[in-house]
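>>> Take this sequence and fold it.
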Amino acid sequence: MTSNDMGTLRDSARLALALGELGRLRFNSVYPVVWNGGIAYYPSAVTERRGIQSFTFRGLQGQDILADLIRQARPRGLRVIPWFEFGFMAPPTSELARLHPGWLSRKRDGGTTSISAAGEVVWLNPFHPEVQAFITELVLEILTTYDADGIQFDDHMSLPREFGYDEVTRAAYRQDTKKEPPADPADPAWVKWRADRITAFMDQLRRTIRSRRPDAIVSVSPNYHDFAYKLQLQDWLTWVRRGIADEIVMQVYRPDLASFSAQLQRPEVSESRGRVPTAVGIMTGQRTSPVAIELIRAHALAARERGLGMVFFYYETLWEQAAEPAAERQAGFAELFPAQPRP
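Residues are numbered from 1 along each chain as shown. This next block holds a predicted model:
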């Protein structure tokens, strides 16, 4: 459930209807956004302590959106795993970036921005101790304030490989290697050094989560591994091997069945499935580019044939914003998840 779904998330009665439909159609989990655009989508003492006080995000009835969602989801048999969407990413105009410029990573030319699906963004430096402390506090705040089932990170819990030329990272690299960072951001040793340190932070974060909430699920929704590692410094397969990730939802947003199915045959998918619950992220559409229910069903069935779970992105385009009528879309999902016969 993304920021595009705020019309549903912020209205308690509308949310009840949505969760009722999801429960009726035998969905078992929801992933509501809680960190996006440098803003916490819940009342956060952590952001307030850092001076990030643009507004407190509440529902139309004045409710705490996340608390309301958890309260209403549980009776319907739905797990709630809050989605830490932006990770180390933030808008350059955000209060977070403005108040903490020293937290930002830099490219070799000194630039701090890149272009993403969310537009122009900056990247918090994942190697900066204060950034690590901030992220850790936010995650623990969610998991200790709310009775959520876990936390989900995605492909933004990473750093584009063009970054890492800020002085904090340079100094750490010099200390470790006695060298300056290579001019080529794709240099294999430089890529590995940065990826390994993101992994080290995630390992530390996972240990901290376990110490406070041993039962909390750490879910990760990355891109396929070759892309994630080489371009985003996100070595998520190592996270699986080291027990950092409890669940993988690999994003497989493809416009046809052939290219989708090809992604499911990647070796990291097979290895991950052998270690932790593994699913694929299936695109159900965007406001300006709908996806037909038949293609959604074909993707879901292909995933099921390989023993994989499925997570649909995102709620609004399941049936509220779609080319086909809502009843037709819901019937398609009902066929995917039929009721189990009584013993």
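>>> quick one: Ala322 from Arg287, how far?
Distance, Ala322 to Arg287, using CB to CB, to the nearest Å: 10 Å. Quick note: C-beta positions are derived from backbone N, CA and C, even for glycine.
>>> These two: which is more packed in?
Ala322 (19 against 9; other CB atoms under 10 Å).
>>> Looks to me like that one is in a helix.
No - assigned with DSSP: H, G, I helix; E, B strand; the rest coil, Ala322 falls outside any helix and is coil.
>>> That one against Arg329, yeah?
Yes - if you go by CB atoms under 8 Å, Ala322 and Arg329 touch, sitting 5.4 Å apart.
>>> who touches both of the two?
Ile293 (CB atoms under 8 Å, 6 or more residues apart in numbering).
>>> what packs against the host helix or strand of Gln204?
Assigned by DSSP states H and E, Gln204 belongs to helix 188-212. Counting contacts by 3 or more CB pairs under 8 Å, 6 or more residues apart in numbering; DSSP states H and E, helix 188-212 packs against helix 129-145, helix 167-177, helix 225-232, helix 236-241.
>>> again, only using 10 Å
Contacts defined by 3 or more CB pairs under 10 Å, 6 or more residues apart in numbering; DSSP states H and E place helix 188-212 against helix 129-145, strand 150-154, helix 167-177, strand 217-221, helix 225-232, helix 236-241.
>>> Just want the angle from the second one to helix 129-145.
Using axes from the mean of the first three to the mean of the last three CA atoms, to 10 degrees, the inter-axis angle of strand 150-154 relative to helix 129-145 is 140 degrees.
>>> returning to what we had before: for the helix holding Gln204, which positions count as buried?
190-191, 193-195, 197-199, 201-202, 205-206, 209 (16 or more other CB atoms under 10 Å).
>>> same deal with stretch 166-175?
Going by neighbour count (16+ other CB under 10 Å), the buried part of stretch 166-175 is Asp166, Val168, Thr169, Ala172, Tyr173.
>>> who's in contact with the second one?
Val168 sits next to Gly102, Trp103, Ser105, Arg106, Asn125, Phe127, His128, Pro129, Glu130, Val131 when contact means CB atoms under 10 Å, 6 or more residues apart in numbering.
>>> For burial, what's the neighbour tally of the third one?
Applying the criterion other CB under 10 Å, we find 25 residues in the vicinity of Ser105.
>>> How about Ala117?
Residues near Ala117, counting by other CB under 10 Å: 7.
>>> The helix holding Gln204: how far from the chain's middle?
The chain centre lies 16 Å from the centre of helix 188-212; the measure is CA atoms, centre = their mean, to the nearest Å.
>>> Kindly report the same for stretch 218-238.
For stretch 218-238 - counting by CA atoms, centre = their mean - the centre lies 12 Å from the chain centre.
>>> Check stretch 110-123 too.
The answer for stretch 110-123 is 18 Å, by CA atoms, centre = their mean.
>>> Buried residues, stretch 91-99. List them.
Neighbour-count burial for stretch 91-99 [16+ other CB under 10 Å]: Pro91, Ser94, Glu95, Leu96, Ala97.
>>> Could you name the helices and strands sitting against the helix or strand containing the last one?
Which is Ala97. Ala97 is part of helix 95-99, with elements assigned from DSSP H and E. When contacts are defined as 3+ CB pairs under 10 Å, 6+ apart, helix 95-99 packs onto strand 89-90, strand 119-123.
>>> Of all these, which one is nearest Ser219?
strand 89-90 (17.9 Å; CB to CB).
>>> Phi, psi for Val33 please.
Recorded main-chain torsions at Val33 are phi -70, psi 140, according to degrees, to the nearest 10.
>>> I meant Ala279, not that one.
Torsion angles, degrees, to the nearest 10, at Ala279: phi -130, psi 170.
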